[in-house]
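Enquirer: attaching a predicted model along with its sequence, questions to come.
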Amino acid sequence: MYWVLSLLLFIFLGVCSGDYLDHTGRSDHQAVQEREDQRVISAINRKLKESAYSYRLTVKQSGQVRAFTGQQQGENWMIQESEKKLKMERKGNHILIHVAGKEEEMTAKQAGVISPRDHLQLIKEIAKSYHPVNGGAFNVEIDQHKWLEKLKERLYLEEETPLFALSEKMQVNYRLLLAQNGTKLKKITLTIKGYDPDQEQVLTYSF
């Protein structure tokens, strides 16, 4: 069940001269940043509009890697481990977990953030800006406090009863990879850090 919970949790722009302003009063740096932000936002929105697609998910932790395949169908989704030890699927407002021949059920609100669609919707809520790095990748600058609050909202069964403990020391970093033409989202990488550096988790969704 530990890996199930792992699934539930889941920079800088090259500096332009700031001495020049365009006709709106923005600096060159601000204008470039706004264009980059809009490019990434457009790619995110384009992915969210897709009604169905498949993807691969890898989860890395403590030197181990687990591989999954997934399908998204509207709000519903399915993730299955390559070795078929674990399968999770959303049907309406219910999440079914199949593991070791047993089935467990929880609500979509209890499950929190699992599918790539879940993550993209969350990114849109918490992102401040998108900073280009190498090869079409963008680091997502987020409000860490807002991320924690949003995740708590998704994971609380009742007002004072979280599904599992969330730490203020927990940090998350998102990186998005766009195709060469900059219009299509190719990959979402999520890095989660907690108290123990050895427990760092890296989740990668590839399309």
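Expert: Structure received.
Enquirer: now do the contacts for the closest residue to A67 other than its chain neighbours.
Expert: Once flanking residues are discounted, A67 sits nearest to S82: 4.4 Å by C-beta to C-beta, 6 or more residues apart in numbering. No exception for glycine: its C-beta is placed from N, CA and C like everyone else's. The neighbours of S82, taking C-beta atoms under 8 Å, 6 or more residues apart in numbering as the test, are 66-69.
Enquirer: mind redoing it with 7 Å?
Expert: 67-69 (C-beta atoms under 7 Å, 6 or more residues apart in numbering).
Enquirer: which of these are buried, as a ChimeraX select command?
Expert: To isolate the buried members of the contacts of S82 in ChimeraX, using 16 or more other C-beta atoms under 10 Å:
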select :68
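Enquirer: so the residue positioned nearest the centre of the chain, which state does it fall into?
Expert: For the chain, the residue nearest the mean C-alpha position is H119 (3.5 Å; C-alpha atoms, centre = their mean). At H119, secondary structure determined by DSSP: H, G, I helix; E, B strand; the rest coil is helix.
Enquirer: thought it was touching L185?
Expert: No - using C-beta atoms under 7 Å, H119 is not in contact with L185; the gap is 10.9 Å.
Enquirer: quick one: the helices in the chain?
Expert: 2-8, 28-49, 108-111, 116-126, 144-155 (DSSP state H).
Enquirer: out of those helices, nearest to T189?
Expert: Smallest distance to T189 across those (C-beta to C-beta): 10.2 Å, for helix 116-126.
Enquirer: next, format the helices of the chain as JSON lines and append distance to H94 and mean pLDDT.
Expert: Below are the helices of the chain laid out as JSON lines (distance: least, C-beta to C-beta, whole Å; pLDDT from 0 to 100):
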{"stretch": "helix 2-8", "distance to H94": "15", "mean pLDDT": "48"}
{"stretch": "helix 28-49", "distance to H94": "22", "mean pLDDT": "87"}
{"stretch": "helix 108-111", "distance to H94": "7", "mean pLDDT": "68"}
{"stretch": "helix 116-126", "distance to H94": "15", "mean pLDDT": "92"}
{"stretch": "helix 144-155", "distance to H94": "15", "mean pLDDT": "72"}
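Enquirer: would you turn these into a markdown table with distance to A179?
Expert: As requested, those are exported to a markdown table (distance: least, C-beta to C-beta, whole Å):
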| stretch | distance to A179 |
| --- | --- |
| helix 2-8 | 26 |
| helix 28-49 | 8 |
| helix 108-111 | 30 |
| helix 116-126 | 16 |
| helix 144-155 | 26 |
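Enquirer: quick revisit: any idea how far the residue nearest to the centre of the chain lies from Q180?
Expert: Distance, H119 to Q180, using C-beta to C-beta, to the nearest Å: 23 Å.
Enquirer: what bridges to T69?
Expert: For T69, the beta-bridge partners are R56, Q80 (DSSP bridges).
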